[in-house]
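# okay, structure incoming, though there's no sequence with it:
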Ligand code: NIG
Ligand code: FE
């Protein structure tokens, strides 16, 4: 139906945050229009308002009296991987910490091993159903990171696999180059190569829009991260960070200083990191699936919003720390585990998650925005944050087309 003009009618509640990133208390300012209609043309929203005021049009699509919200953005996934982490899972639930498994050569390093023996097309075939599960859960835009490569060729293979999966996928994908864990030996040369070889190649081949680094005791140091992010900026790429997942070693402060799009995780953030994020334009992306799966403390979502930060929520879909295939469930968990209100959680998963990817053309139901939206099973949008374990999403529309 893209291209045609369609008036979507019989919307019991049309619910939307404002256009663009929302900070602090503004995250709670949703507009709720009862008995609404929405005019879509060429995949873009042209008008929203009360049904009684709708402009005349040729074609109507009756949504049968349910609530409509914007399509969600999942701003943080590691959706390209092979192998599994089932043995890690069993060890962890019996008390072995995630970081210890990684330090012993398991964890991310074992996924890297399993991923390295797969071809691009095998990896793409593993990835596509994961994207489709996220889409059915409401995520019409999904970020995919690399990060399970032993070397530069393997990181590029993962980005290409993600591109292949993307070409088969009806939703939008944004690719990110992730530097996940440095090699056991030769890390100085590795970091130099990342800056002088890998990043220039990724930028010139348009393989990713952003560069992300896992800044942590068992991964990259703050100084290594600084060099990598600066190289990314030099080559015109956006920057993001995995920071404060286990220890607040300075990654958040660095990302804010360098104007990163987002800092993700934040489970170990304290008052200094919260203040740095609140004083910056960097989005604070929280990942409640990790809290649930690893049993970590929750990221301080409530304190971040109260301090005035812009908070986004993602699934962090990956085999080790968050096997969470539902953006709706991430939203619902952010309310329970990170103390967001339902309205804040909707904003976090829509306009703010898009802003965490540098996108301002989606996430709100307003003229000029992409017509990516969800029709729920319910007449009340709050079933979206409320429901656990069954999908409250009845149908997903991408650019005005129903899946
Ligand atoms: O976001 N912490 C680093 N990276 C991922 C985990 C990846 C993995 O365990 O395979 C994360 O949690
Ligand atoms: Fe992650």
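Noted; the coordinates are in hand. Since this is a predicted model, take the numbers as computed values, not measurements. Residues are numbered from 1 along each chain as shown. Ligands and ions are numbered 1, 2, ... in the order given.
# could you use CA atoms for every contact and neighbour count after this?
Fine.
# list the contacts of the residue of the stretch 201-350 of the chain found nearest ligand 1.
As assessed by C-alpha to the nearest ligand atom, ligand 1 sits closest to residue 320 within the stretch 201-350 of the chain, at 3.4 Å. Shown in contact with residue 320 (C-alpha atoms under 8 Å, 6 or more residues apart in numbering): 85, 88, 89, 107, 108.
# which of the residues you listed are close to ligand 1?
107, 108 (C-alpha under 6 Å from any ligand atom).
# for whichever strand or helix holds residue 91, packing partners?
Under the criterion of DSSP states H and E, residue 91 resides in helix 86-93. With contacts taken as 3 or more C-alpha pairs under 8 Å, 6 or more residues apart in numbering; DSSP states H and E, helix 86-93 sits against no other helix or strand.
# domain ranges for the protein?
5-70+362-402, 73-355 (automatic domain parsing).
# mind putting these into CSV with mean pLDDT?
Formatted as CSV, those follow (pLDDT from 0 to 100):
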stretch, mean pLDDT
domain 5-70+362-402, 97
domain 73-355, 97
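# now do the phi/psi pair for the spatially most central residue of the chain.
Central residue check for the chain by C-alpha atoms, centre = their mean: the C-alpha nearest the mean position is that of residue 75, 1.5 Å away. Phi and psi for residue 75, reported as degrees, to the nearest 10, are phi -90, psi 10.
# quick one: it and residue 275, what's the gap?
22 Å (C-alpha to C-alpha, to the nearest Å).
# now do residue 32
Distance from residue 32 to residue 275, by C-alpha to C-alpha: 32 Å.
# interface residues of the chain facing ligand 1?
So far as C-alpha under 6 Å from any ligand atom goes, the chain lies against ligand 1 at 107, 108, 214, 316, 318, 319, 320, 321.
# list the contacts of the residue nearest to the centre of the chain.
141, 142, 143, 285, 312, 313, 314, 315, 353, 354, 356, 357.
# ok, and the closest non-adjacent residue to the third one?
Okay, so that is residue 143. Sequence neighbours aside, residue 174 is the residue nearest to residue 143 in space, at 4.6 Å (criterion: C-alpha to C-alpha, 6 or more residues apart in numbering).
# right, and the one you found touches residue 140 too?
No. Look at residue 174 against residue 140 with C-alpha atoms under 8 Å: they stay out of range, at 11.3 Å.
# of these two, who's got more company?
residue 140 (30 against 22; other C-alpha atoms under 10 Å).
# helices or strands up against whatever helix or strand that one lives in?
Assessed by DSSP H and E, residue 140 sits inside strand 139-145. Contacting strand 139-145 under the criterion 3+ C-alpha pairs under 8 Å, 6+ apart are the following elements: strand 72-74, strand 172-179.
# give me the residues contacting the longest one.
It stands for strand 172-179. 140-147, 155, 159, 162-163, 166, 202, 207-214, 357.
# kindly recompute the last result at 7 Å.
140-147, 166, 208-214 (C-alpha atoms under 7 Å, 6 or more residues apart in numbering).
# give me the sheet partners of it and which way each runs.
strand 139-145 (parallel), strand 210-214 (parallel) (DSSP bridges).
# and if you look at the first one?
In its sheet, strand 72-74 lies beside strand 139-145 (parallel), with partners assigned from DSSP bridges.
# so what's residue 286 up against?
Residue 286 neighbours (C-alpha under 7 Å, 6+ apart): 264, 265, 266, 299, 312, 313, 314.
# which of those residues count as buried?
For the contacts of residue 286, a burial check counting by 16 or more other C-alpha atoms under 10 Å picks out 264, 265, 266, 299, 312, 313, 314.
# among the residues you listed, name the ones in strands.
Among the buried ones among the contacts of residue 286, the residues falling in strands (DSSP state E) are 264, 265, 312, 313.
# biggest separation within those, which pair?
The most widely separated members of these, counting by C-alpha to C-alpha, are 265 and 312 (10.5 Å).
# between the two, which contacts overlap?
Counting by C-alpha under 7 Å, 6+ apart, the residues touching both residue 265 and residue 312 are 285, 286.
# and the helices in the stretch 251-400 of the chain?
Remark: helices assigned in the stretch 251-400 of the chain by DSSP state H, counting those that start in this stretch are 251-257, 271-278, 288-294, 301-307, 327-337, 342-349, 351-355, 383-386.
# let me have these in JSON lines, extended by distance to residue 66 and mean neighbour count.
Below are those laid out as JSON lines (distance: least, C-alpha to C-alpha, whole Å; neighbours: other C-alpha atoms under 10 Å):
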{"stretch": "helix 251-257", "distance to residue 66": "41", "mean neighbour count": "23"}
{"stretch": "helix 271-278", "distance to residue 66": "36", "mean neighbour count": "19"}
{"stretch": "helix 288-294", "distance to residue 66": "28", "mean neighbour count": "23"}
{"stretch": "helix 301-307", "distance to residue 66": "30", "mean neighbour count": "22"}
{"stretch": "helix 327-337", "distance to residue 66": "17", "mean neighbour count": "26"}
{"stretch": "helix 342-349", "distance to residue 66": "17", "mean neighbour count": "30"}
{"stretch": "helix 351-355", "distance to residue 66": "22", "mean neighbour count": "30"}
{"stretch": "helix 383-386", "distance to residue 66": "11", "mean neighbour count": "20"}
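# okay, those in TSV with distance to residue 398 next?
Output for those, formatted as TSV (distance: least, C-alpha to C-alpha, whole Å):
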stretch	distance to residue 398
helix 251-257	32
helix 271-278	32
helix 288-294	25
helix 301-307	29
helix 327-337	16
helix 342-349	16
helix 351-355	15
helix 383-386	18
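# of all these, which one is nearest residue 22?
helix 351-355 (6.4 Å).
# so what touches the closest one?
Under C-alpha under 7 Å, 6+ apart, the answer for helix 351-355 is 19-22, 73-75, 310-313, 360, 362-364.
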